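Peer 1: Test case, fold it:
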Amino acid sequence: MPRVAEVRSPAAPSSPEQRERYRRILRAAARHGADKGLERVQMHDVARDAGVAIATLYRYFPSKTHLFTALMRSQVERLAMVSVRQRPGETSEKAIARLLVRAGRDLLESPLLAHAMMQSNNASVAQSPTMGVTELFSDLMLAAGGIDDPTPYDMRLLRLLEEAWYGIVITALNRAVDPAALESDTELVCRLLLGGRESGEG
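Peer 2: Numbering: from 1, shown residues only. Coordinates of the predicted model:
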């Protein structure tokens, strides 16, 4: 598992020019991650292809772990923008399953990049729970399922669901599982964990 460098906190872009450089870096990182995987990505190559100085890259992303965790966060945020909320008559279970199936399929489209982002996110969470995308992903599942006032029991179920879904995706990536199998497994774990949430006890 990659380690998070013991360095200062990443800078956040503030001006339009800085935000554009930030986006260019993430796009370059996505291309290199998809082609090479995490271990073989070189920060100098990312900086060169993004058209920024290496010092600029390290100011925003002190390590590859920071870089690919940020890339995963950007993909989750993009998913949030295009994802629809619970459909009329749709249960929370089915709506969240639909979200996770889409996210899983997106990851399977680029296995090396998916591994890079998920490994980096896991390392970030191990360093500090607030560094990864877990909270953002939980919010996305709540919105997708129309759960506006979650109970502690709801949050516990979503935590278990996210962990199970991560395992399903990793297995699919490692074994080149057909997307249809990932969809079936995702729907099953959602049904098992969320099917009776209204009657659950915290």
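Peer 1: check contacts around the residue nearest to residue 12 when sequence neighbours are not counted.
Peer 2: Closest residue to residue 12 apart from its sequence neighbours, by C-beta to C-beta, 6 or more residues apart in numbering: residue 60 at 7.9 Å. All C-beta spots, glycine's among them, are computed from the backbone N, C-alpha and C. The neighbourhood of residue 60, defined by C-beta atoms under 8 Å, 6 or more residues apart in numbering, consists of 10-13, 22, 25, 70.
Peer 1: ranges for the helices of the protein?
Peer 2: Assigned by DSSP state H, the helices in the chain fall at 16-36, 43-50, 54-60, 64-82, 92-108, 111-127, 134-144, 152-175, 179-194.
Peer 1: So residue 22 sits against residue 11, correct?
Peer 2: No - the pair residue 22 / residue 11 is not scored as a contact, 9.5 Å apart, by C-beta atoms under 8 Å.
Peer 1: Which of the two has more residues huddled nearby?
Peer 2: In this view residue 22 and residue 11 are compared by other C-beta atoms under 10 Å, and residue 22 has more residues nearby, 22 against 14.
Peer 1: Next up, the contacts around the more buried one.
Peer 2: 13, 60.
Peer 1: Can you add mean pLDDT and give the helices of the chain back as a markdown table?
Peer 2: What follows is the helices of the chain, written out as a markdown table (pLDDT from 0 to 100):
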| stretch | mean pLDDT |
| --- | --- |
| helix 16-36 | 96 |
| helix 43-50 | 97 |
| helix 54-60 | 95 |
| helix 64-82 | 90 |
| helix 92-108 | 92 |
| helix 111-127 | 88 |
| helix 134-144 | 89 |
| helix 152-175 | 92 |
| helix 179-194 | 93 |
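Peer 1: domain parsing for the chain?
Peer 2: Domain assignment for the chain by automatic domain parsing gives 16-62, 65-196.
Peer 1: if we can go back for a sec, could you identify the most distant pair in the contacts of residue 60?
Peer 2: 12 and 25 (13.0 Å; C-beta to C-beta).
Peer 1: neighbour-wise, which of those two wins?
Peer 2: For residue 12 versus residue 25, neighbours defined as other C-beta under 10 Å are more numerous around residue 25 (25 against 9).
Peer 1: now residue 106: how far from residue 40?
Peer 2: According to C-beta to C-beta, to the nearest Å, residue 106 stands 22 Å off from residue 40.
Peer 1: what do you get for residue 173?
Peer 2: Using C-beta to C-beta, residue 173 is found at 17 Å from residue 40.
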